[in-house]
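Engineer: Attaching a predicted model along with its sequence, questions to come.
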Amino acid sequence: MPLKRILNNTKWLSALYRGLMLSVGLLLAGSLAMAGTPLSGTYTINAGSATGGTNFASFNDLEDSLTTNGISGAVTVNVVASSGPYSERVVFNEVTGASATNTITINGNGEKILNTASSSTIEMNGADYFTFNNLVIEAAGTGNGTRCVHFWRSADYNTFKNGEMIISKYTGTSSSGAAYVAFSNSKSTP
């Protein structure tokens, strides 16, 4: 094989390698942008944009970051108008750094979070100092355990205001099978 052709192949492979490494680096940087740093300040939830920087693509991405990184100051999260509905179940766990001063406020802007399973749409698993404002929470499960919000493991100092809670498809017959809001202090998973 002529030397010129070998060098051209090497340049092409080298350019391909650099391009792949740059692409992988950008993907990792976007997904790790919030990793390791406690949250503080204002963020968004917008399913139309990837999680990275100050945006979360879902409520679960927000929860993962809160649980992994904790907070170092008050956190405000604005759900971008017309970005939903969000079809997911989210379990907010205890957040390191959350306090009466370092609160977590989620402004729903009238957007909806919807769970179609017979479980809680939002579960507060020992999570404290959250405020949910103007969020539509729909529990669309058909069986027992269908709940909009479930507080347990001493989830305290939480507020839900100016929103709506909907149980839309429950067909069970138990009087305790569904709830807009359920409270328990169990140490085990409900």
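Structural biologist: Nice, I can see it.
Engineer: Show me where the protein has its strands.
Structural biologist: Counting by DSSP state E, one finds strands in the chain at the ranges 39-45, 55-56, 71-79, 86-87, 90-93, 104-107, 112-115, 120-125, 130-133, 136-139, 146-152, 159-161, 164-167, 178-183.
Engineer: Now tell me which helix or strand of the chain has the poorest mean pLDDT.
Structural biologist: helix 3-32 (a mean of 49; mean pLDDT, DSSP states H and E).
Engineer: re earlier: can you redo the strands of the chain as a markdown table with mean neighbour count and mean pLDDT?
Structural biologist: Placement of C-beta: from N, CA and C, glycine included. Below are these laid out as a markdown table (neighbours: other Cβ atoms under 10 Å; pLDDT from 0 to 100):
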| stretch | mean neighbour count | mean pLDDT |
| --- | --- | --- |
| strand 39-45 | 18 | 98 |
| strand 55-56 | 23 | 98 |
| strand 71-79 | 19 | 98 |
| strand 86-87 | 18 | 98 |
| strand 90-93 | 19 | 98 |
| strand 104-107 | 21 | 98 |
| strand 112-115 | 21 | 98 |
| strand 120-125 | 25 | 98 |
| strand 130-133 | 19 | 98 |
| strand 136-139 | 23 | 98 |
| strand 146-152 | 23 | 96 |
| strand 159-161 | 14 | 97 |
| strand 164-167 | 16 | 98 |
| strand 178-183 | 16 | 94 |
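Engineer: Tabulate these (TSV), appending distance to Glu63.
Structural biologist: Formatted as TSV, these follow (distance: least, Cβ to Cβ, whole Å):
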stretch	distance to Glu63
strand 39-45	11
strand 55-56	9
strand 71-79	11
strand 86-87	12
strand 90-93	5
strand 104-107	10
strand 112-115	12
strand 120-125	10
strand 130-133	11
strand 136-139	15
strand 146-152	14
strand 159-161	16
strand 164-167	19
strand 178-183	19
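Engineer: Asp64: which of the ones you listed is closest?
Structural biologist: The minimum distance between Asp64 and the strands of the chain falls on strand 55-56, with 8.6 Å, by Cβ to Cβ.
Engineer: and that closest one, what other elements does it pack with?
Structural biologist: Secondary-structure packing of strand 55-56 (3 or more Cβ pairs under 8 Å, 6 or more residues apart in numbering; DSSP states H and E): strand 39-45.
Engineer: got the contact list for the strand it packs on?
Structural biologist: Residues outside strand 39-45 that contact it (Cβ atoms under 8 Å, 6 or more residues apart in numbering): 54-59, 61-62, 65-66, 69-80, 83, 86, 102, 106.
Engineer: Repeat the analysis, applying 7 Å as the threshold.
Structural biologist: Residues outside strand 39-45 that contact it (Cβ atoms under 7 Å, 6 or more residues apart in numbering) are 54-56, 58-59, 62, 65-66, 69, 71-73, 75-80.
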